[in-house]
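A.B. asks: Provide a 3D model corresponding to the input given below.
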Amino acid sequence: MFKNIYYPPVAEVLLGFKNDRIQRNLDGFGYLIPAKEKREILGTIWSSVIFPNRAPEGYSLFTTFAGGSRNPELYSNGDDKIIEIVNSGIKSIIGISGGYDFSKIIRWEKAIPQYTLGYYQTLNAIDRFEKNFPGAIVCSNYKGGISVGDCVMNADKTSNKIILCMEKM
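C.D. replies: Numbers count the residues shown, from 1 in each chain. Prediction:
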C-alpha cells in the first residue's frame with residue numbers, strides 16, 4: 001500500500017539579498033505559483049519576514065521550492081543550474097536587481113506526497129491495517145496533511161492513540 005505513494009523530489013533553495021536590491025515591500029509570507037503559470041518554481045517563502053533573525057540586518061532571505069510533481073526532472077540538475085533557475089524566477093516575481101549574497105540548496109529526494117487518484121483507497125488500506133493489527137499506528141504526512149501544522153496536529157492525535165493503547169495493556 002505504501003509503495004504506491006508518490007513523493008516527487010524537490011529542491012529547496014535559500015537565497016539571501018541585500019534589502020536595497022528588493023523593489024517591492026515584503027508585506028506577506030510569500031507566494032505559491034499555480035500550475036497554469038508554467039513556471040519552473042513552485043513557490044517562495046519570505047523566510048526573514050516570517051521568522052525574525054533568519055537574515056542579518058539589512059538582508060532578506062527567501063526559501064524557494066522547485067521540482068515536485070510538476071517538474072521532477074529539475075531535481076537532477078546540478079546545484080548551480082537549480083540556483084540559476086530559482087534566482088531568475090524570484091527576481092522576476094519579486095523585483096530584485098543584482099545578484100544574491102547567499103545561497104544554499106537542500107535536496108529532498110522524496111518530498112511532498114501527492115494525493116493522486118486512488119488516495120482514499122490507500123487511506124482505507126491504512127485504516128484496515130490499523131484495525132487488523134491493534135497497536136500498529138501509522139502517522140505520516142500522507143495521512144492527515146502535508147503542512148507543518150497538519151503534521152503537528154496528526155502527531156498529537158497519534159500520541160493520544162498510543163497513550164490509549166498503552167492504557168489498555
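A.B. asks: low-scoring stretches of the chain, by residue?
C.D. replies: Scanning the chain for pLDDT under 70 picks out the ranges 1.
A.B. asks: would you list every one of the strands in it?
C.D. replies: Shown for the chain, the strands assigned by DSSP state E span residues 10-18, 30-32, 41-45, 59-67, 102-108.
A.B. asks: I'd like to check which residues are in contact with Ala11.
C.D. replies: Phe65, Ala66, Gly67, Leu74, Tyr75, Ile82, Val86, Ile105, Ile106, Arg107, Trp108 (Cβ atoms under 8 Å, 6 or more residues apart in numbering). Quick note: C-beta positions are derived from backbone N, CA and C, even for glycine.
A.B. asks: which of those residues count as buried?
C.D. replies: When the contacts of Ala11 are checked for burial by 16 or more other Cβ atoms under 10 Å, the buried set is Phe65, Ala66, Gly67, Leu74, Tyr75, Ile82, Val86, Ile105, Trp108.
A.B. asks: In those residues, find the pair that's most separated.
C.D. replies: Within the buried ones among the contacts of Ala11, two members stand farthest from each other by Cβ to Cβ: Val86 and Trp108, at 14.5 Å.
A.B. asks: thinking again about what came up before, Ile94: which of the contacts of Ala11 is nearest?
C.D. replies: The shortest approach to Ile94 among those belongs to Val86, at 11.6 Å (Cβ to Cβ).
A.B. asks: Make sure that closest one is actually in contact with Thr63.
C.D. replies: No - here Val86 does not reach Thr63: they are 9.8 Å apart, not a contact under Cβ atoms under 8 Å.
A.B. asks: what sits in contact with each of those two?
C.D. replies: Val13.
A.B. asks: hmm, back to that, kindly reformat the contacts of Ala11 as JSON lines and extend each row with distance to Ile94.
C.D. replies: As requested, those are exported to JSON lines (distance: Cβ to Cβ, whole Å):
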{"residue": "Phe65", "distance to Ile94": "15"}
{"residue": "Ala66", "distance to Ile94": "15"}
{"residue": "Gly67", "distance to Ile94": "20"}
{"residue": "Leu74", "distance to Ile94": "20"}
{"residue": "Tyr75", "distance to Ile94": "23"}
{"residue": "Ile82", "distance to Ile94": "18"}
{"residue": "Val86", "distance to Ile94": "12"}
{"residue": "Ile105", "distance to Ile94": "19"}
{"residue": "Ile106", "distance to Ile94": "21"}
{"residue": "Arg107", "distance to Ile94": "23"}
{"residue": "Trp108", "distance to Ile94": "23"}
